[in-house]
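Engineer: sharing a model prediction with you, sequence too.
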Amino acid sequence: MDFMQKYNAWLSFADEKTKAELISIQNDEKEIEDRFYKDLVFGTGGLRGIMGAGSNRMNKYTVGKASFGLAEYLKSEYAGEIKLAVAYDSRNNSAYFARISAEIFANCGFQVFLFDTLVPVPVLSFTTAYLGCNAGVMITASHNPKEYNGYKVYDRHGCQLCTADAEKAIGFINRIHDYSVIPFGEESKQNIAMIGEEILSAYLTEVQKQSLYEEKSDLKIVYTPLHGTGNIPVRRMLKGLDVTVVKEQEQPDGNFSTVRSPNPEDKEALSIAVEKAKKINADIVLGTDPDCDRVGIAVKNNNGGYSLLTGNQTGALLVKFVLDMKKDILSPKATLVKTIVTSELGANIGRNYGLIIEETLTGFKYIGDKINKYEESKDQEFLIGYEESYGYLVGTHARDKDAVVSSMLICQMAAWYKNQGKTLLDGLSDIYSEYGFYLDSLDSFVLQGKDGAGKIQNLMSFFREKGTALFDGIESMIDYSKGVADLPKENVLKYIWNDGSWIAVRPSGTEPKIKVYYSVRDSSKEHAEKRLADIKKSIGSMIE
């Protein structure tokens, strides 16, 4: 069925609101093609797309198809009663999509636990295991712009579905071609139990157990939840500290009206918080993304301004802090897990403290899966996991990145340094003095629509064919699509220089982007910056 046939099919069954939206684009063939040339697919973060009518959009029908397919998958995996938790973030339509999903699961005979208010991703991860559910669903598009929403699926441990399980679930979802078989409606709403404060409190109790430093300090903090789910849980974990919340960004707002994009990686997203910090002379700025699984920070510098730390820098600082706090009780099984596109700096710190270091593909679900395996085998113990994209986890209360526990530990770490007369920037400088200077960066090239998808494929072929000839001094190229060690196959290329510097290229699993990761190791900041600028310029010309 081509895109016009799919468009006409939707016109025949859609509800009046959806039909009106489709009719409004009837003279725009390019728009129709973009909405119907494919179905939304699961990537590193599950189902994610622009909201609107069409098979390539997030809407009642694509969410319903995913939910009914997931239900059929779960029936094939489990006998007896099936339990499932459903949560949502602050995005437009998140509560609506969560309710639709819960009703479908209930109509399939499942016991459903539906949150009565928005909560962070790690709370859903925790809840799935805590309530003994077979699976969990989180309606969120993380840090994406306001036009997006998404659908994350978690296993019984609270880990996002990994490759094999995701492929099975997708198989069931893809079998659904007739939307009339999806059991929409409230027929079995008695199967839905509303949950909220009791579960959140249980989760926060587990987060508190990860506390490492509670000495008094005059640390001043500015915090912004960026219109998302972090406001209540993060502030509860920072109770007793001097925290000023950015009022303009405190309340949930699916339009993210004060920012271009609610992404703590984006300097602009923290600009209001930084201005607030300047006014009150705060030491540190924290910003969590809408589903509160990632956190970005800015630190007061010696020039009266604030320096934003990268995910790699914050990760390295956290590794050093956790290890310094736990060095006397470290187990020989203690393990640090990072992704293949995360800097080696934190890993090298871990090695120096005797940690086992493991790598995973991009996507925190692979780190969560490692935790599952460690608990089964008892051969290793998870200590800390992180990825360059501002996601960290300490503790095993969740199987996904957790900005609540990370915010607590970052503030404790900043207090620890301040009580020594230092800032986090000083701490980072100490790390560079001991381990060498690392400069890390990321470029994302957006290539929209069907034409963009084709260009991304062609670019990956180009980079693959160039191999070690891509730049002078490259010692090796790792092609993860061929399978590396015990990692699942994935379309990622990594080029490694003989001094340990590297770049990695991968298409995004959830957005129309090709991403290039850079990690330059050099003798000084100046040399590293010059080298990085040259590499970026060359990569940009290749892609543009």
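Structural biologist: That came through fine. Numbering: from 1, shown residues only.
Engineer: who are the contact partners of the closest residue in space to Thr117 that isn't next to it in sequence?
Structural biologist: Of all residues beyond its chain neighbours, the one nearest Thr117 is Gly196 (5.7 Å), with distances taken as Cβ to Cβ, 6 or more residues apart in numbering. (Glycine included, C-beta is placed from N, CA and C.) Applying Cβ atoms under 8 Å, 6 or more residues apart in numbering to Gly196 gives the contacts Phe115, Asp116, Thr117.
Engineer: give me the buried subset of the residues you listed.
Structural biologist: Phe115 (16 or more other Cβ atoms under 10 Å).
Engineer: now, the contacts of Gly196 that are in strands?
Structural biologist: Of the contacts of Gly196, the ones assigned to strands by DSSP state E are Phe115.
Engineer: closest one to Glu375 out of the contacts of Gly196, please.
Structural biologist: Nearest to Glu375 among these: Phe115, at 25.8 Å, using Cβ to Cβ.
Engineer: excluding its backbone neighbours, what's nearest that closest one?
Structural biologist: Ala87 (4.5 Å).
Engineer: so that neighbour, which state does it fall into?
Structural biologist: Using DSSP: H, G, I helix; E, B strand; the rest coil, the structure places Ala87 in strand.
Engineer: could I get the contacting residues of it?
Structural biologist: Contacts of Ala87 by Cβ under 8 Å, 6+ apart are Ala98, Leu114, Phe115, Leu118, Val119, Val123, Leu124, Thr127, Gly136, Val137, Met138, Ile139.
Engineer: and these, which is closest to Leu212?
Structural biologist: Distances from Leu212 to these, taken as Cβ to Cβ, are shortest for Val123 (21.3 Å).
Engineer: ok, the closest one touching Ile199?
Structural biologist: Yes - contact criterion Cβ atoms under 8 Å: Val123 and Ile199 qualify, at 7.1 Å.
Engineer: in terms of neighbours, single out the busier of the two.
Structural biologist: Taking neighbours as other Cβ atoms under 10 Å, Val123 and Ile199 compare with Val123 leading, 32 against 20.
Engineer: the more buried one sits in which helix or strand?
Structural biologist: Taking DSSP states H and E as the criterion, Val123 maps to helix 121-130.
Engineer: could you give the bridge partners of the closest residue to Lys365 other than its chain neighbours?
Structural biologist: Nearest residue to Lys365, sequence neighbours excluded (Cβ to Cβ, 6+ apart): Gln160, at 3.5 Å. Beta-bridge pairing of Gln160 under DSSP bridges involves Tyr154.
Engineer: ok, so what distance separates Gln160 from Ile195?
Structural biologist: Distance of Gln160 to Ile195, given as Cβ to Cβ, to the nearest Å: 20 Å.
Engineer: and the two? Which one has more around it.
Structural biologist: Neighbour count, other Cβ under 10 Å: between Gln160 and Ile195, Gln160 has more, with 27 against 19.
Engineer: contact partners for the more buried one?
Structural biologist: Applying Cβ under 8 Å, 6+ apart to Gln160 gives the contacts Gly45, Gly46, Lys152, Val153, Tyr154, Gly363, Phe364, Lys365, Gly368, Arg399, Asp400.
Engineer: thought the last one was touching Lys365?
Structural biologist: Which is Asp400. Yes - Asp400 is within contact range of Lys365, at 7.4 Å (criterion: Cβ under 8 Å).
Engineer: between the contacts of Gly196, which is closest to Thr468?
Structural biologist: Thr468 has its nearest neighbour among the contacts of Gly196 in Phe115, at 50.1 Å by Cβ to Cβ.
Engineer: and the helix holding Val123, what does it pack against?
Structural biologist: Helices and strands touching helix 121-130, by 3 or more Cβ pairs under 8 Å, 6 or more residues apart in numbering; DSSP states H and E, are strand 83-88, strand 111-115, strand 135-139, strand 148-154, helix 197-208, helix 403-418.
Engineer: 7 Å instead, please
Structural biologist: On a contact count with 3 or more Cβ pairs under 7 Å, 6 or more residues apart in numbering; DSSP states H and E, helix 121-130 meets strand 83-88, strand 135-139, strand 148-154, helix 197-208.
Engineer: what helices and strands are in contact with the longest one?
Structural biologist: Translated: helix 197-208. Checking 3+ Cβ pairs under 7 Å, 6+ apart, helix 197-208 ends up next to helix 121-130, helix 231-237, helix 403-418.
Engineer: just say which of those is most tucked in.
Structural biologist: Highest mean neighbour count among the helices and strands packed on helix 197-208 (mean count of other Cβ atoms under 10 Å): helix 121-130, with a mean of 28.
Engineer: what sits against Ile367?
Structural biologist: Residues near Ile367 by Cβ atoms under 7 Å, 6 or more residues apart in numbering: Val337, Thr360, Gly385, Leu393.
Engineer: in terms of helices and strands, where is it?
Structural biologist: Element membership for Ile367 (DSSP H and E) is helix 364-377.
Engineer: that older thread, for the contacts of Gly196, which one is nearest Ala164?
Structural biologist: Nearest to Ala164 among the contacts of Gly196 is Phe115, at 28.4 Å by Cβ to Cβ.
Engineer: which residues touch that closest one?
Structural biologist: Contacts of Phe115 by Cβ under 7 Å, 6+ apart are Ala87, Tyr88, Ile195, Gly196.
Engineer: burial count for Pro332?
Structural biologist: There are 9 residues near Pro332, going by other Cβ under 10 Å.
Engineer: that one in helix, strand or coil?
Structural biologist: The three-state assignment at Pro332 reads coil, by three-state DSSP.
Engineer: with adjacent residues omitted, what lies nearest to it?
Structural biologist: Per Cβ to Cβ, 6+ apart, closest to Pro332 is Gly354, 7.1 Å.
Engineer: residues in contact with the residue lying closest to Gly64 once chain neighbours are set aside?
Structural biologist: Spatial nearest neighbour of Gly64, excluding adjacent residues (Cβ to Cβ, 6+ apart): Ile182 at 4.4 Å. Neighbouring residues of Ile182 by Cβ under 7 Å, 6+ apart: Gly64, Lys65, Phe68, Ile104.
Engineer: show me which of the residues you listed is closest to Gly132.
Structural biologist: Closest to Gly132, out of all of the contacts of Ile182 and judged by Cβ to Cβ, is Ile104, at 20.9 Å.
Engineer: contacts for stretch 413-420 next, please.
Structural biologist: So stretch 413-420 is contacted by 213, 215, 217, 219, 283-284, 317-318, 321, 423-424, 426-427 (Cβ under 7 Å, 6+ apart).
Engineer: please flag which of those sit within strands.
Structural biologist: Going by DSSP E, the strands hold Ile284 from the contacts of stretch 413-420.
Engineer: closest to Asp39 among the contacts of stretch 413-420?
Structural biologist: Closest approach between these and Asp39, by Cβ to Cβ: Leu318, at 38.7 Å.
Engineer: ok, the closest one - contacts?
Structural biologist: Going by Cβ under 7 Å, 6+ apart, Leu318 touches Ile384, Tyr386, Tyr392, Leu409, Met413.
Engineer: can you redo the residues you listed as TSV with distance to Asp289 and pLDDT?
Structural biologist: Formatted as TSV, these follow (distance: Cβ to Cβ, whole Å; pLDDT from 0 to 100):
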residue	distance to Asp289	pLDDT
Ile384	20	98
Tyr386	15	98
Tyr392	13	98
Leu409	17	98
Met413	20	98
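Engineer: okay, those residues in CSV with distance to Tyr7 next?
Structural biologist: What follows is the contacts of Leu318, written out as CSV (distance: Cβ to Cβ, whole Å):
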residue, distance to Tyr7
Ile384, 48
Tyr386, 43
Tyr392, 43
Leu409, 50
Met413, 53
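Engineer: show me which pair in these is furthest apart.
Structural biologist: Spatially, the most separated pair among the contacts of Leu318 is Tyr386 and Met413, at 13.5 Å (Cβ to Cβ).
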